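Here's my sequence, what's the structure:
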Amino acid sequence: MTVFQGTLNLETISPDLPESLYNALISWRERKKVSLYTSGSTGEPSLYDLPDKLIRWSANASKEATGLTEDEQVFVCLPTHKVGGLMLVLRSILHKWHITIVEPSANPLKNIEVDHNFTVVSLVPYQLATIMRDEVSIKKLLQFRTVLLGGAPLSNALEKKLKTILPVSNTHFFHSYGMTETASHVALRNLRTMVPNVFKLLPEVDVSLNKKGCLIFDFPTLDYRVETQDLGEIEGRTIRFLSRIGDVVNSGGVKLHLHDIGMKIDNILDDNQLSARYFVWKTEDIALGEKLVFVGLESDNQTKVEQLLKQHLPKYEVPKDFYWVSAFKRNASGKIDRIKTVSAL
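Below is the predicted model of the structure:
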């Protein structure tokens, strides 16, 4: 369902827009800031104010880094009450791009024409995975000049599948790193040229590490700083994401990064033509202090999945326990709440 089509400006904000988007635009115009809830990836979602200066920096830096022009046709299929979808709308306003806003769905390309005229789209990995299961939707995807991927890590399996179509396409695919506090992406990875988990910083932003090894982003011209909960490595103008600080398991003195283990699991499942919806997490252990556990949605492949992981994962990265549940607990943002899910076991 199409929610809006055309160009937007702050002088005449249509009351027919979704209420949350309308209120955000009014706030931006009148208060010079936009208030958004954080995703809740590292705790409970909290309300955060994005200042006008950061929004304008993001619009310009993103345009420069992705090579976008003055004449883009933007397809918005992310929720506009979240930072990814909202920032796409705000960038379109600042650059006077034509936008089409549709209701978010698993496959937002299903109802558009194969020979559409859209040039830019932003997707989360779940949407991309759904699109990649349909040949017609893949053709529609490759009609875009620029595709931004963000909101979650991109699994090795999905990236490998995407790269099978890159040789027959001129589409630019970027995977983004960012968060609500940085007004969406603060660094990008070109999927054609850059290795997984390594992102190039956008212009006019600097990065450092705190004592815990977490990334800190400084915007010198804005007098603005964001301290993250993300462990990372820095090399020149690139960063490598390791894991959330809370996603490290100290098991008997061995530190295990859940993000890296998840990528290994994805590869093992993909190599064996299996799929599973799961997450890895930690629980207390008398002997080890903490132990690694696997929590997946119930399926016919449970036994096979467990066997493969025990066979192919490094010794210390094999989950100590496997749990299979009918559904995951979720937080207010719709993301999986790993703590509540494990607590309910």
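
Nearest the middle, which residue of this structure would you pick?
Gly151 (1.7 Å; C-alpha atoms, centre = their mean).

pretty sure that residue is in a strand, no?
No: with DSSP: H, G, I helix; E, B strand; the rest coil as the criterion, Gly151 is assigned coil and is not in a strand.

ok, now how distant is it from Pro18?
Gly151 sits 19 Å away from Pro18, going by C-beta to C-beta, to the nearest Å. For glycine as for every other residue, the C-beta is placed from the backbone atoms N, C-alpha and C.

low-scoring pLDDT stretches of the chain, where are they?
For the chain, residues meeting the criterion pLDDT under 70 lie at 39-45, 332-334.

in it, which strand has the most residues?
Ordering each strand of the chain by length in residues (DSSP state E) puts strand 224-235 first.

contacting residues around Ile26?
Residues near Ile26 by C-beta atoms under 8 Å, 6 or more residues apart in numbering: Ile13.

Is it in a helix, a strand, or coil?
Per three-state DSSP, Ile26 ends up helix.

Likewise for the one 10 residues further on?
For Leu36, the assignment made with three-state DSSP gives strand.

hang on, isn't it packed against Leu54?
No: applying C-beta atoms under 8 Å as the test, Leu36 and Leu54 come out as separate, 11.7 Å apart.

Looking at those two, which one has more neighbours?
Neighbour comparison, Leu36 and Leu54: the larger count goes to Leu36, with 22 against 19 (by other C-beta atoms under 10 Å).

is it true that Gly262 lies in a helix?
Yes: according to three-state DSSP, Gly262 belongs to a helix.

what's the burial count for the nearest residue to it once chain neighbours are set aside?
Distance criterion C-beta to C-beta, 6 or more residues apart in numbering; nearest residue to Gly262, sequence neighbours excluded, is Val280 at 5.9 Å. Here the number of neighbours of Val280 (other C-beta under 10 Å) works out to 22.

Sheet-wise, list the partners of the helix or strand hosting Val280 with their directions.
Using DSSP states H and E, the secondary-structure element containing Val280 is strand 278-285. The partner list of strand 278-285 in its sheet, established with DSSP bridges, is strand 289-297 (antiparallel).

How far does the helix or strand following the strand it pairs with sit from its chain's centre?
Later in the chain than strand 289-297, the nearest helix or strand by DSSP H and E is helix 302-312. The chain centre lies 28 Å from the centre of helix 302-312; the measure is C-alpha atoms, centre = their mean, to the nearest Å.

so helix 302-312 versus strand 278-285, what angle?
70 degrees (axes from the mean of the first three to the mean of the last three C-alpha atoms, to 10 degrees).

Who are the packing partners of helix 302-312?
Under the contact definition 3 or more C-beta pairs under 8 Å, 6 or more residues apart in numbering; DSSP states H and E, helix 302-312 sits against helix 258-271, strand 289-297, strand 321-325.

export the ones you listed to CSV and tack on distance to Tyr126 and mean neighbour count?
Output for those, formatted as CSV (distance: least, C-beta to C-beta, whole Å; neighbours: other C-beta atoms under 10 Å):
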stretch, distance to Tyr126, mean neighbour count
helix 258-271, 14, 18
strand 289-297, 14, 19
strand 321-325, 19, 15
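
how about the strands in the stretch 51-200 of the chain?
Applying DSSP state E, counting those that start in this stretch to the stretch 51-200 of the chain gives strands spanning 73-76, 98-102, 120-123, 146-149, 172-179, 184-190, 198-201.

buried ones in the third one?
It stands for strand 120-123. 120-123 (16 or more other C-beta atoms under 10 Å).

Give the other helices and strands that it contacts.
Against strand 120-123 (3+ C-beta pairs under 8 Å, 6+ apart) you get strand 73-76, helix 83-95, strand 146-149.

and the nearest residue to Val318 once chain neighbours are set aside, how many neighbours?
Distances taken as C-beta to C-beta, 6+ apart put Lys310 closest to Val318, at 5.5 Å, once the chain neighbours are dropped. Other residues within reach of Lys310 by the criterion other C-beta under 10 Å amount to 12.

Test my guess that Lys310 contacts Lys320.
No: counting by C-beta under 8 Å, Lys320 is not a contact partner of Lys310; they are 10.8 Å apart.

got the CA positions of stretch 194-202 in CSV?
Coordinates of the C-alpha atoms in stretch 194-202 are reproduced here as CSV (Å, rounded to 0.1, in the frame of the first residue of the first chain):
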residue,chain,number,x,y,z
MET,A,194,35.2,-4.7,1.0
VAL,A,195,35.4,-7.7,3.3
PRO,A,196,32.7,-8.6,5.9
ASN,A,197,32.5,-6.4,9.0
VAL,A,198,34.9,-3.8,7.8
PHE,A,199,33.3,-0.4,7.1
LYS,A,200,34.7,2.9,5.8
LEU,A,201,33.9,6.0,7.8
LEU,A,202,31.7,8.7,6.2
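
State the distance from Phe294 to Trp57.
With C-beta to C-beta as the criterion, Phe294 and Trp57 are 41 Å apart.

quick one on the thing from earlier: separation between the residue nearest to Gly262 and Leu256?
9 Å.

Can you check which residues contact both of these two?
Common neighbours of Val280 and Leu256 (C-beta under 8 Å, 6+ apart) are Leu292.
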